[in-house]
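Only the shape, not the letters, is given here:
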């Protein structure tokens, strides 16, 4: 790692560290420890700026010094994507954690990147509003991390994805520029669409320092129902029938596993009278299956599926676990889950999946470390042939890195051109994104 740092910029008593301490208080610049490692790559220094200006200044210093910078919020998704080519400096947004402005009459909010989703939602709820977003681990996940990884859950069925909710953003670019785009009103469409460009870019274009979102009211009431299906074919038929109906459901997901029949969860929000009418309609649609009302904790299924755990088989051998994101056409859900079952059957892999009605889902595979790469490649080939994709989210237990992204189509030249424009020295998260960006 030291060989990658230019002469005169060795960590410890380095020129860079001294310059960083001149900008930040001493306690906000520290040596990195083993817990700061990023996908197995050990950085050397951690800095925690207290303002956008401090963050931009330190980022500029690192860029000029030729250091590789890894942005970090709550660290909940730091293993997602490919391992970085190198990691010299962790730039944390932990101190950029304020809700800056909440003009509740305009249904918008401006918030710093280090604010957790839970803190933001609690602040908005005081005025009966919410950010219609349900990412993983909201008590620790930060606004900047959720935006960078484009992590949205089942509420996107009703309210849209993150790119539909964000209306403004400020980025710190590697040259020290603080670039803002968008505005504080929902109908703002002027200028370059930096909010949508930064969403899902894995922090490779700039560090998000603040964001502006459109908001929605907190629902008066909500009810969750679960339909017990016989198999994956019936599950797909029910989902498509519900989607094609006049039901005003807020969210829908299907839960699958190797050892249990599929289950479909449906969320309704609104008035008590409206919810009663929705129940009658969904009961009619699911007349051939078992329908029951359940507690809302079924919506934790995605989080439980994406949580890693270490285990051993009965014979003492190591059991590795990987998490992948699946993107498919909703009409191919049954074929996809049948393929998962086939791929997992031969090497006796344990699996479970949670699929949203939009065709986005997460898959958990567990088995011997040697069997998983072959299974993942077979599944990815099937999905890409059908127009879908498989993206690795967690793979730290594999013996060797498995490409996180797979096929990327013809968009790579344009993506590389944007990267060269905003981060010509590949300072930010080098190698982590699509095509080694």
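Perfect, I can see it now. Values in this document were obtained by computation on a predicted structure and should not be read as measured data. Residues are numbered from 1 along each chain as shown.

Quick check: phi and psi on residue 212?
Main-chain torsions, residue 212, degrees, to the nearest 10: phi -120, psi 130.

Next, work out how far apart it and residue 98 are.
14 Å (CB to CB, to the nearest Å). To be clear about C-beta, it is placed using only N, CA and C from the backbone, and glycine gets the same treatment.

quick one: which of these two has more around it?
Shown here are residue 212 and residue 98; by other CB atoms under 10 Å, residue 212 has more neighbours (24 against 14).

OK, contacts around the more buried one?
By CB atoms under 8 Å, 6 or more residues apart in numbering, residue 212 lies in contact with 108-111, 166-169, 182-184, 195.

What ranges does the stretch 1-150 of the chain have for its strands?
Secondary structure of the stretch 1-150 of the chain (DSSP state E, counting those that start in this stretch): strands located at 29-31, 45-47, 69-72, 89-92, 99-101, 108-112, 129-130.

Would you reformat those strands as a markdown table and include distance to residue 306?
Listed next are the strands of the stretch 1-150 of the chain as a markdown table, based on distance: least, CB to CB, whole Å:
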| stretch | distance to residue 306 |
| --- | --- |
| strand 29-31 | 30 |
| strand 45-47 | 25 |
| strand 69-72 | 19 |
| strand 89-92 | 23 |
| strand 99-101 | 27 |
| strand 108-112 | 24 |
| strand 129-130 | 22 |
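
quick one: residue 257 and residue 354 touch, right?
No - using CB atoms under 8 Å as the test, residue 257 is too far from residue 354 to be in contact (9.6 Å).

more neighbours, the two?
residue 354 (28 against 16).

can you list contacts of the helix or strand where the more buried one lies?
Here residue 354, judged by DSSP states H and E, is contained in strand 350-356. Residues outside strand 350-356 that contact it (CB under 8 Å, 6+ apart) are 153-154, 156-157, 251-258, 301-302, 305, 326, 328, 333, 336-337, 340-341, 344, 361-367.

In helices only, show me those residues.
156-157, 301-302, 305, 333, 336-337, 340-341, 344 (DSSP state H).

residue contacts, the residue nearest the centre of the chain?
Central residue of the chain (CA atoms, centre = their mean): residue 151, 2.8 Å from the mean position. By CB under 8 Å, 6+ apart, the contact list for residue 151 reads 77, 135-136, 141, 145, 162.

which stretches of the protein have low pLDDT?
Along the chain, the parts satisfying pLDDT under 70 run over 1-14, 184-192, 309-318.

Show me where it has its helices.
Remark: helices assigned in the chain by DSSP H are 15-23, 52-65, 117-125, 143-149, 156-159, 162-165, 194-198, 232-243, 272-285, 301-305, 333-345, 372-385, 412-422.

Next, the angle from the first one to helix 52-65.
Comparing the axes of helix 15-23 and helix 52-65 via axes from the mean of the first three to the mean of the last three CA atoms, to 10 degrees yields an angle of 170 degrees.

Flag every buried residue along helix 15-23.
For helix 15-23, the neighbour count (16 or more other CB atoms under 10 Å) marks 16-17, 19-20, 23 as buried.

Distance-wise, check residue 210 relative to residue 86.
Using CB to CB, we find residue 210 at a distance of 28 Å from residue 86.

typo on my end, residue 116
Using CB to CB, residue 116 is found at 29 Å from residue 86.

Same question for residue 264.
Residue 264 is 45 Å from residue 86, where distance means CB to CB.

show me the residues around the closest residue to residue 140 other than its chain neighbours that make contact.
Take residue 140 and drop its neighbours on the chain: the residue closest to it by CB to CB, 6 or more residues apart in numbering is residue 74, 4.0 Å away. Residues in contact with residue 74 (CB under 8 Å, 6+ apart) are 116, 137, 140-142, 145.

hmm, back to that, of the contacts of residue 212, closest to residue 61?
Among those, residue 169 lies closest to residue 61 (CB to CB), at 22.9 Å.

pretty sure the closest one contacts residue 213?
No - with contact defined as CB under 8 Å, residue 169 and residue 213 do not form a contacting pair (9.8 Å).

quick one on the thing from earlier: highest average neighbour count across the helices of the chain?
By mean neighbour count, with neighbours taken as mean count of other CB atoms under 10 Å, helix 143-149 ranks first of those at a mean of 28.

Give the other helices and strands that that one contacts.
strand 69-72, helix 117-125, strand 207-214 (3 or more CB pairs under 8 Å, 6 or more residues apart in numbering; DSSP states H and E).

Take these and write them to CSV, including distance to residue 223.
Shown next, in CSV, are those (distance: least, CB to CB, whole Å):
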stretch, distance to residue 223
strand 69-72, 38
helix 117-125, 20
strand 207-214, 25
